[in-house]
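Visitor: Build me a structure from this.
(one chain, ligands or ions: 1)
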Amino acid sequence: MEDVRERERERERERIKRGKRREYCSRKIHSKNYLKFSEREREREIWKEEEVRDGVLRVQQLLLQEAAKELAKVYTCSRSKANLDRCLHEWEGKGFHVSGSVCDVSSRAQRERLMEEVTSIFNGQLNILVNNAGITIFKPTVDYTAEELSTVMATNFDSAYHLCQLAHPLLKPSGRGNIVFISSTAGVMALDVGSIYSASKGAMNQLTRNLACEWAKDNIRVNSIAPWFIKTAILDPFYQNSNFEDHARARTPLRRIGEVEEVSSMVAFLCLPAASYITGQVHVIDGGATINAFYPTHD
Ligand SMILES: NC(=O)c1ccc[n+]([C@@H]2O[C@H](COP(=O)([O-])OP(=O)(O)OC[C@H]3O[C@@H](n4cnc5c(N)ncnc54)[C@H](OP(=O)(O)O)[C@@H]3O)[C@@H](O)[C@H]2O)c1
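Guide: Residues are numbered from 1 along each chain as shown. Presented below is the predicted three-dimensional model:
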């Protein structure tokens with residue numbers, strides 16, 4: 001009788017032990033699921049927050065969140081001190097770490113001075129160089145003066161070329177350098193924006209391919225962005241023609257002019273580790289304009 005009771009007590013102890021093990025396992029599985037679940041929830045929460053903005057901004061905000069980890073500090077320049085101070089003040093208010101100085105990038109001496117400042121601020125190491133400065137002069141080719149030719153080429157192309165040369169010793173030690181040129185669709189197709197402007201952007205696109213190959217061994221990626229019409233001050237002369245926007249839309253499958261954020265988000269993307277296998281490319285941002293032959297752009 002005592003043996004029977006002892007065996008029952010033994011079986012009970014076993015049951016309790018097994019039960020505890022089961023409970024422990026299920027808690028472990030549950031907590032693992034809970035972690036996964038809460039991560040998914042967190043992602044959803046981020047998306048929810050972003051969804052209050054429109055589609056473009058949502059994407060840009062996500063990219064900026066990513067870029068903020070990469071682009072901790074930014075240095076910029078302008079020809080005008082007033083412009084520069086206004087922008088720096090605005091960005092400071094948004095919590096961005098941006099500094100800058102006055103520089104006319106068409107001047108070789110000023111480019112050198114600019115990069116000396118950059119070298120000192122970033123302690124001799126730079127992750128990203130964006131060549132954005134650009135101007136155009138609208139004229140038929142036969143009317144350009146030698147001075148106009150030099151001014152457009154010096155601002156759009158010489159500056160970008162020389163800044164790449166000056167930035168190379170800073171980008172190389174970074175181990176993940178990035179150069180982004182802001183080119184134009186005028187560099188890949190014939191647009192009536194002035195042949196010198198188009199030639200300067202075409203040269204930029206070829207430089208992108210050369211540098212991508214020449215500096216790949218230094219872990220520097222080089223890409224070019226070629227926007228179609230984007231709403232900025234550079235379009236002011238176009239808007240003097242009241243038909244401009246209709247004319248542009250008539251060539252654009254997406255039936256509209258682009259927004260600045262649709263270009264800046266691409267700059268951010270190209271500099272992220274997510275784009276680590278993309279180099280030497282000219283990325284058109286054009287609402288489909290460069291691939292449209294005969295599809296109608298009006299309903
Ligand atoms: N908007 C478009 O439709 C479009 C299309 C294709 C390509 N892009 C290209 O996008 C880039 C940005 O132009 P945006 O559309 O923003 O036009 P934007 O409003 O006229 O801006 C031009 C920018 O270039 C800077 N810049 C011009 N000359 C300079 C110089 N000598 N030294 C230093 N900075 C100089 C200006 O700075 P400060 O005035 O402050 O000196 C300004 O930040 C340009 O390269 C342009 O060719 C624009």
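
Visitor: Just list the residues touching the nearest residue to R176 once chain neighbours are set aside, thanks.
Guide: Spatially, and ignoring its direct neighbours in sequence, R176 is nearest to N219 (5.9 Å; Cβ to Cβ, 6 or more residues apart in numbering). C-beta coordinates here come from the backbone N, C-alpha and C atoms, glycine included. Residues counted as contacts of N219 (Cβ atoms under 8 Å, 6 or more residues apart in numbering) are 172, 174-177.

Visitor: can you rerun that using 7 Å?
Guide: 175-177 (Cβ atoms under 7 Å, 6 or more residues apart in numbering).

Visitor: got it, and G258?
Guide: Going by Cβ under 7 Å, 6+ apart, G258 touches 227-230, 285, 287.

Visitor: Help me confirm that T76 is found in a strand?
Guide: Yes. Judged by DSSP: H, G, I helix; E, B strand; the rest coil, T76 forms part of a strand.

Visitor: secondary structure class for whichever residue of the stretch 101-250 of the chain sits closest to the ligand?
Guide: The stretch 101-250 of the chain approaches the ligand most closely through G134 (2.2 Å), counting by Cβ to the nearest ligand atom. With three-state DSSP as the basis, G134 sits in coil.

Visitor: Contact partners for the residue nearest to it when sequence neighbours are not counted?
Guide: Take G134 and drop its neighbours on the chain: the residue closest to it by Cβ to Cβ, 6+ apart is N156, 5.0 Å away. By Cβ under 7 Å, 6+ apart, N156 lies in contact with 134-135, 197, 200-201.

Visitor: ok, 10 Å please
Guide: By Cβ atoms under 10 Å, 6 or more residues apart in numbering, the contact list for N156 reads 105-106, 131, 133-136, 181-184, 187, 196-197, 199-201, 203-204.

Visitor: Then it would be within a strand, right?
Guide: No. Counting by three-state DSSP, N156 is located in no strand; its state is helix.

Visitor: Could I get the pLDDT score of the residue of the stretch 101-250 of the chain closest to the ligand?
Guide: G134 carries a pLDDT value of 97.

Visitor: count of residues packed around it?
Guide: 21 (other Cβ atoms under 10 Å).

Visitor: Next, it: phi, psi?
Guide: Reported as degrees, to the nearest 10, the phi and psi values for G134 are phi -160, psi 150.

Visitor: pretty sure it contacts K201?
Guide: Yes. Between G134 and K201 a contact is recorded at 8.0 Å, counting by Cβ atoms under 10 Å.

Visitor: overlap in contacts of those two?
Guide: 156-157, 181-184.

Visitor: quick one, phi/psi of I182?
Guide: According to degrees, to the nearest 10, I182 has phi -90, psi 100.

Visitor: in this structure, which residue is closest to the centre?
Guide: V267 (1.6 Å; Cα atoms, centre = their mean).

Visitor: Using the record's assignment, carve this protein into domains.
Guide: Here the chain is described, according to automatic domain parsing, as comprising the domains 1-52, 55-73+122-291.
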